[in-house]
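Trainee: Only the shape, not the letters, is given here:
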């Protein structure tokens with residue numbers, strides 16, 4: 001087997017996750033031999049994974065295997081053994097998963113930044129932060145509270161004619177047993193680092209993101225269905241043309257009959273309503289817009305505007321277990337990480353103007369996410385429950 005074929009084989013095994021320890025050491029040696037090798041490896045991984053994703057959708061494994069044969073092997077006269085820092089492998093692992101999210105990969109990361117002359121990536125401290133999980137608190141009409149993540153499955157409360165059931169980890173359902181009866185209000189609050197899914201009494205399904213609260217009636221006997229939201233939620237509204245469904249965010253109202261949409265309404269950030277299916281009307285003090293699928297309404301600085309071609313994948317990535325950033329600034333990225341890992345964020349030194357684009361699985365520990373983001377030019381440090389962004 002030629003050197004070219006051997007490196008091709010090792011790269012394939014690395015991408016597939018089947019590489020052995022001895023083979024990993026062999027690949028390490030080749031990567032350490034020159035900066036040119038490392039650049040070719042990272043570029044090749046990104047190209048290979050993109051083709052693999054397309055191949056899964058179009059032509060299967062033949063397209064992927066054919067393209068892998070294009071890997072170039074560095075000239076031996078350039079070889080110079082340089083120790084490889086272990087922390088670098090997190091970045092290589094991140095690069096390896098472009099589009100492999102389809103089959104359980106770790107990260108897709110492309111950071112737009114000025115060309116760098118250095119090759120080192122800032123190490124993340126050994127202190128680590130686990131990802132968020134299904135955690136929430138249910139507050140009943142009498143103001144008593146139930147910690148949902150520790151509650152057993154089954155009926156956990158009754159509210160008038162409605163049974164409140166924890167049906168599975170992360171899923172709470174309201175089952176109405178009568179056509180009429182007293183209506184009370186409950187709320188579900190997710191802490192930073194928490195998420196939860198609810199099925200309301202009318203069948204509407206709500207995915208609640210971290211650091212969010214949904215206040216809602218326990219039944220909908222009248223001609224109106226109104227809930228109140230702080231934070232972020234994705235809703236699949238049960239169709240009922242006689243009962244419009246409304247989501248209130250302070251003075252903003254999103255009115256629908258039956259549709260799929262996402263509302264992001266964290267304090268201090270513009271309210272964003274993104275429509276995936278159906279139609280919604282967004283209104284605020286005389287201003288109103290009617291959205292069609294693919295559009296997004298943004299409300300900020302007392303102005304309501306429409307984005308005609310919204311990035312739907314980015315808007316609902318959180319619901320699908322992903323961080324997704326498209327040309328985002330560091331503050332936007334860190335706000336998402338802060339909510340999911342339940343930490344504070346501090347900045348030391350001058351903030352850099354780099355923009356980041358990334359798709360990262362949310363079930364990763366914080367250090368893995370930060371190691372991937374380090375390739376953007378930012379450095380990070382974890383200190384207890386704080387992420388420090390370094391210049």
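Mentor: Cool, got the structure. Just so you know, these numbers come straight off a predicted model, no measurement behind them. Residues are numbered from 1 along each chain as shown.

Trainee: ok, the helix or strand containing residue 164: who's next to it in the sheet?
Mentor: Residue 164 belongs to strand 162-168 when assigned by DSSP states H and E. With DSSP bridges as the test, strand 162-168 is paired with strand 154-159 (antiparallel), strand 171-176 (antiparallel).

Trainee: quick one: average confidence on it?
Mentor: Mean per-residue pLDDT for strand 162-168: 95.

Trainee: what distance separates that strand from the centre of its chain?
Mentor: 27 Å (CA atoms, centre = their mean, to the nearest Å).

Trainee: deepest of the strands paired with strand 162-168, which one?
Mentor: For the strands paired with strand 162-168, average neighbour numbers computed from mean count of other CB atoms under 10 Å are highest in strand 171-176, which has a mean of 19. Bear in mind the C-beta positions are built from the backbone N, C-alpha and C, glycine included.

Trainee: report the angle between the axes of the helix or strand just after that strand and strand 171-176?
Mentor: The C-terminal neighbour of strand 171-176 among helices and strands, as given by DSSP H and E, is strand 185-190. Strand 185-190 and strand 171-176 are oriented at 170 degrees to each other (axes from the mean of the first three to the mean of the last three CA atoms, to 10 degrees).

Trainee: Tell me which residues of strand 185-190 come out buried.
Mentor: 186, 187, 188, 189, 190 (16 or more other CB atoms under 10 Å).

Trainee: now, which of the residues you listed sits nearest residue 220?
Mentor: Set against residue 220, the nearest of the buried residues of strand 185-190 by CB to CB is residue 186 (12.9 Å).

Trainee: what are the bridge partners for the closest one, then?
Mentor: Counting by DSSP bridges, residue 186 is bridged to residue 216.

Trainee: mind listing what's buried in stretch 240-257?
Mentor: In stretch 240-257, counting by 16+ other CB under 10 Å, buried: 240, 243-247, 249, 252-257.

Trainee: Can you lay out the residues you listed as a markdown table showing distance to residue 196, pLDDT and secondary structure?
Mentor: A markdown table is the format used below for these (distance: CB to CB, whole Å; pLDDT from 0 to 100; DSSP: H, G, I helix; E, B strand; the rest coil):
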| residue | distance to residue 196 | pLDDT | secondary structure |
| --- | --- | --- | --- |
| 240 | 24 | 89 | coil |
| 243 | 24 | 89 | coil |
| 244 | 25 | 91 | coil |
| 245 | 19 | 95 | strand |
| 246 | 21 | 96 | strand |
| 247 | 17 | 97 | strand |
| 249 | 19 | 94 | strand |
| 252 | 23 | 93 | strand |
| 253 | 24 | 95 | strand |
| 254 | 20 | 95 | strand |
| 255 | 24 | 94 | strand |
| 256 | 21 | 92 | strand |
| 257 | 25 | 80 | coil |
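
Trainee: In terms of pLDDT, where does the closest residue to residue 311 other than its chain neighbours sit?
Mentor: Distances taken as CB to CB, 6 or more residues apart in numbering put residue 326 closest to residue 311, at 5.7 Å, once the chain neighbours are dropped. For residue 326, the model assigns a pLDDT of 89.

Trainee: Thanks a lot, catch you later.
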